[in-house]
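Student: Provided below for reference: sequence and predicted model.
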Amino acid sequence: MHSPISRSEKSASRVRNAAPCLAGGVAALTASALYSPAFAEDQIVAVALPTAQVVGSTPIDSIGVPLSQFPANAQRVSAKDAREQRNSNLADLLNDNLGQVSISNGSGNPYQNDINYRGFQVSSLLGVPIGVSVYFDGVRMNEPFGSIVNWDLIPMNAMSSVNILPGSNPMFGLNTLGGALVVNTKNGKDNAGTSIEALGGSFGRRALSFETGIVDKAHGTDYFVAGNFDRQDGFREHSGSNVKQLYGKARWHGNDGATQLELSAALADTSLSGTQSLPMDMMANRSAAYTWPDTISNRMALLNLKGSHWLNDTNQLAGSVYYRKASLHNVNSNAQLDDGCFNDDGSLATTAAGGTTTYKCANKAPNGTAVNAVTGANALALGYGRWTNAINTSVVDSATHEDTVGTSLQWSNFSQLAGHDNTFTFGGAFDHSRITYDQTTYLARLINYQTVVSPNQTYGFTANGSAPSTSNPALFTGSNVIGAVNLSSNVNNFSLYFTDTLSVTEKLSVTASGSFNYTTLNQGGANNKYLNEDGGYSWTDQVSGVSYYNPGYANAYRYSNAGSGAATAPNGVPPGAVAGPETNSLAGSHRYRRFNPALGFNYDLGAGQGIFGSYSESMRAPTSIELSCADPNSPCSLPTGFNGDPDLKAVVAKTIEFGGRGKLGKSTYWSAAVYDSRLSNDIQFIATSNTYGYFANVSKTERRGMELGASTKIDKWSLSANFGYVDAIYKSAFTTASGQHVVSGNKIPGIPAKTLKLGASYAFSPNLSMGGNVILVSKQIAHGNESNADPNGEVAGYGLVNLNLHYKPTRNLEISAYVSNLFNKRYSTYGLSGMRSIYTLAKQQFMTPAPPRAIWIGLTYSFGGKAAGADAD
């Protein structure tokens, strides 16, 4: 029989993870010895969990199971690790510490990393196929619109631990195709006292954080508050960050210990700038921007109430209700090559065939863009849409508003079953999200090669091309809106789930679980087109063949550095053309349902060693953005316009995993696992150009691999080593919109095959310690090279060394130093293959430069209780 004492045993079993990250001289020597061009093609980091650790079996996490009964290779990072390394966001923390994790970054902003875990991705950028679910205090952090995760909304110093649970675990709902990230938060009881930290250094970073915990024993309550303020200029031009986060929690415990209530709130207000990838001929200046502005402003408010109550010694009820509001505002600059309709002087291009000269493109008005070389009156004219080297430019302004309310309730029973220990949980969850998305694309002009501007939202031309004035009025004035999208969506997610762990014998436990998921998505709205993408007032829809024109532009003037003049034939309205705008409905209704089972076992071999195995299934329903950008004949420029509402199938993942873990001696832990995840109807974003693409179901994909991890303590040393291998491949043939023929066996872009991560720290004394880590990552296929046919379409592997030093001159004061990329390695984590540079017209690879060496110094003052950041949850 279980009794209430099991609740305290649960808390006591959450022992501290004793594998921090790496140490100074050892890290540097290891990197020098191991990293070579050959090894760079082979490399990752993870922390092996002590077998006494308890792992949450559901997002509510009121009751967990011992790691020895969890049938997969779970891993964990503690608050101690986060405090020692001082990562600015969760993605960086996981990359530094967890096996099978690597990152990629296409925007150039440190808060916008993509995480690759076992070949599955979770990202803050629209267009990335999401395969990992993220929970914060039991609340799902995957945004309803696109399933992305905004790392800048998760407060780092509120985190007590983060567990990564591998496999297609049906207990954690949609998106759990490859795993779930579960972030647990601190409380006032385990983190009593106050600490304040100031941090500053490279890239203009200045940060301030605080946390405080209070215990009121008389009333059975405790309180915790944490705040973060992080401002960075960024190492690249126009890549700054301004992050403000606040978190608070209040808990109440009944006198008998049977009841607990917990109310938490989180607020975030952030602004992030990124400057995109660079073509290879611009990589000599790695701090350069391609075009700007590109900014993301996020705001979030989260209120979460959780509670649990023991009905008796063997039955517990637990539940939660939450409200989450998020507002996401994006401004994106786009610059791409023209479609060949115009000559460099702005005149219409012609072609000769059979003795007849015709225009290459009919029914377009060549409204050019002013450039630096233009002087005099012509330089003042407002031109849009195209530079004289045939560049089309636009500014996209989009806003997403999300309101989500959710609730969950579960019952857990600990009665024996036929004389065997048994833990059974049955529950249900419901989430409702209302989403509105508004986006407007404006014709713009390019200033100083890289700045895209859209002044006044109107433009006009005079007879001689000079700036309009009272004495010289514009012959025509019109709006510079290319298109506008208005989308509203209601998403409902409902699930019923169960999990049961039966101790068949003292050595063998079996876990069976399942979840029935039902998702409805209803959306309405339209995509309105007023001009073609390069400013032409007349265009033909590629799908319907219907021609449209904007009546306000029928007598437009053209302007270029060759001068100005009336737009000539064939710029008349084409016969049969329809007066715009062209309107495409985004309305649609979709239903997805599936029962997802899982079965696993753990076997105790004795002497602290064990083996495990599992089979699991999970589902991911398409999101609004995927359903609205799924037409290969009309690709989208994310996060811009949409093209309709074609149907996509739900993704289904099936994973099998076998492995082992154990403890050797007093403080050495190891783990190993092999796995195979096979997906049906995987959703991929297929790139068609630098900025355009579409979502499509890919019939079959597979991710198979293995991982090894170990951690130990030897005297004053703490050491860890983790290696991961994943082979992520397409298992069915398809042809991309750009004409690439993908065959079974081609590797999925953006996923390094091998990673190795080594960690060490050394305590010189109770007041002085030094640590660090080595990160080695193999090469990867660049995005846009789905067929793997481009011999230059790869991103090279790399090796990094990071260090940290902590010194306490007094009991309350700590001085810290952090060095990232110690050897100033030049590397990239993201590549885009086969695109043309707008500046040289050359077809080449684009890459996002990763940060060079950085140094930060921190001061932490703690008082009134435990040292800051006690490792408890």
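Tutor: Structure received. Numbering: from 1, shown residues only.

Student: how far off centre is stretch 614-624?
Tutor: 18 Å (CA atoms, centre = their mean, to the nearest Å).

Student: list the buried ones in that stretch?
Tutor: Using 16 or more other CB atoms under 10 Å as the test for burial, stretch 614-624 gives Ser614, Ser616, Glu617, Ser618, Met619, Arg620, Ala621, Pro622, Thr623, Ser624. Every C-beta, even on glycine, is put in place using the N, C-alpha and C of the backbone.

Student: Pro851: which of these is nearest?
Tutor: When the buried residues of stretch 614-624 are ranked by distance to Pro851 (CB to CB), Thr623 comes first, at 30.7 Å.

Student: surely the closest one touches Asn142?
Tutor: No: counting by CB atoms under 8 Å, Thr623 does not reach Asn142; the two are 9.2 Å apart.

Student: follow-up on the earlier one: just the ones of the buried residues of stretch 614-624 in helices?
Tutor: Those of the buried residues of stretch 614-624 mapping onto helices are Ser624, per DSSP state H.

Student: what is the neighbour count of Gly248?
Tutor: 17 (other CB atoms under 10 Å).

Student: can you read off the pLDDT for it?
Tutor: We have a pLDDT of 98 for Gly248.

Student: which strands and helices sit next to the helix or strand where it lies?
Tutor: Element membership for Gly248, per DSSP states H and E: strand 241-253. The contact analysis (3 or more CB pairs under 8 Å, 6 or more residues apart in numbering; DSSP states H and E) places strand 241-253 against strand 221-232, strand 259-273.

Student: tabulate those (CSV), appending distance to Thr423 and mean pLDDT.
Tutor: Below are the helices and strands packed on strand 241-253 laid out as CSV (distance: least, CB to CB, whole Å; pLDDT from 0 to 100):
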stretch, distance to Thr423, mean pLDDT
strand 221-232, 28, 97
strand 259-273, 19, 97
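
Student: can you list those in a markdown table and add mean neighbour count and distance to Val101?
Tutor: Shown next, in a markdown table, are the helices and strands packed on strand 241-253 (neighbours: other CB atoms under 10 Å; distance: least, CB to CB, whole Å):
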| stretch | mean neighbour count | distance to Val101 |
| --- | --- | --- |
| strand 221-232 | 20 | 22 |
| strand 259-273 | 19 | 22 |
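
Student: how about those in CSV, adding distance to His590?
Tutor: Shown next, in CSV, are the helices and strands packed on strand 241-253 (distance: least, CB to CB, whole Å):
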stretch, distance to His590
strand 221-232, 38
strand 259-273, 30
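
Student: looking at those, which is closest to Tyr518?
Tutor: strand 259-273 (28.1 Å).

Student: that closest one: partners in the sheet, and parallel or antiparallel?
Tutor: Sheet pairing of strand 259-273 (DSSP bridges) gives strand 241-253 (antiparallel), strand 294-312 (antiparallel).

Student: that one versus strand 221-232: what angle between them?
Tutor: 10 degrees (axes from the mean of the first three to the mean of the last three CA atoms, to 10 degrees).

Student: next helix or strand past strand 259-273?
Tutor: Downstream of strand 259-273, the first helix or strand assigned by DSSP H and E is strand 278-279.

Student: pairing partners for that next one, with directions?
Tutor: Partners of strand 278-279 in its sheet, by DSSP bridges: strand 843-849 (antiparallel).

Student: mind listing the strands for the stretch 701-850 of the chain?
Tutor: Secondary structure of the stretch 701-850 of the chain (DSSP state E, counting those that start in this stretch): strands located at 717-730, 734-735, 741-742, 754-765, 768-777, 780-781, 794-795, 798-807, 813-820, 828-836, 843-849.

Student: can I see the domain layout of this structure?
Tutor: Annotated domains of the chain cover 5-336+397-440+486-526+585-863, 339-389+445-479+531-580 [automatic domain parsing].

Student: how much space between the spatially most central residue of the chain and Ser277?
Tutor: For the chain, the residue nearest the mean C-alpha position is Ser123 (1.3 Å; CA atoms, centre = their mean). Distance, Ser123 to Ser277, by CB to CB, to the nearest Å: 15 Å.

Student: quick one: which of the buried residues of stretch 614-624 sit in strands?
Tutor: Using DSSP state E to define strands, the subset of the buried residues of stretch 614-624 located there is Ser614, Ser616, Glu617, Ser618, Met619, Arg620.

Student: ok so, going back, could I get the strands of the stretch 701-850 of the chain as TSV with mean pLDDT?
Tutor: Converted to TSV, the strands of the stretch 701-850 of the chain look like this (pLDDT from 0 to 100):
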stretch	mean pLDDT
strand 717-730	96
strand 734-735	82
strand 741-742	90
strand 754-765	96
strand 768-777	96
strand 780-781	96
strand 794-795	95
strand 798-807	97
strand 813-820	97
strand 828-836	88
strand 843-849	90
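
Student: now distance to Ala630 and mean neighbour count too, for those, in JSON lines please.
Tutor: Output for the strands of the stretch 701-850 of the chain, formatted as JSON lines (distance: least, CB to CB, whole Å; neighbours: other CB atoms under 10 Å):
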{"stretch": "strand 717-730", "distance to Ala630": "18", "mean neighbour count": "23"}
{"stretch": "strand 734-735", "distance to Ala630": "14", "mean neighbour count": "16"}
{"stretch": "strand 741-742", "distance to Ala630": "17", "mean neighbour count": "16"}
{"stretch": "strand 754-765", "distance to Ala630": "32", "mean neighbour count": "22"}
{"stretch": "strand 768-777", "distance to Ala630": "32", "mean neighbour count": "25"}
{"stretch": "strand 780-781", "distance to Ala630": "23", "mean neighbour count": "24"}
{"stretch": "strand 794-795", "distance to Ala630": "27", "mean neighbour count": "23"}
{"stretch": "strand 798-807", "distance to Ala630": "35", "mean neighbour count": "22"}
{"stretch": "strand 813-820", "distance to Ala630": "39", "mean neighbour count": "18"}
{"stretch": "strand 828-836", "distance to Ala630": "21", "mean neighbour count": "23"}
{"stretch": "strand 843-849", "distance to Ala630": "24", "mean neighbour count": "22"}
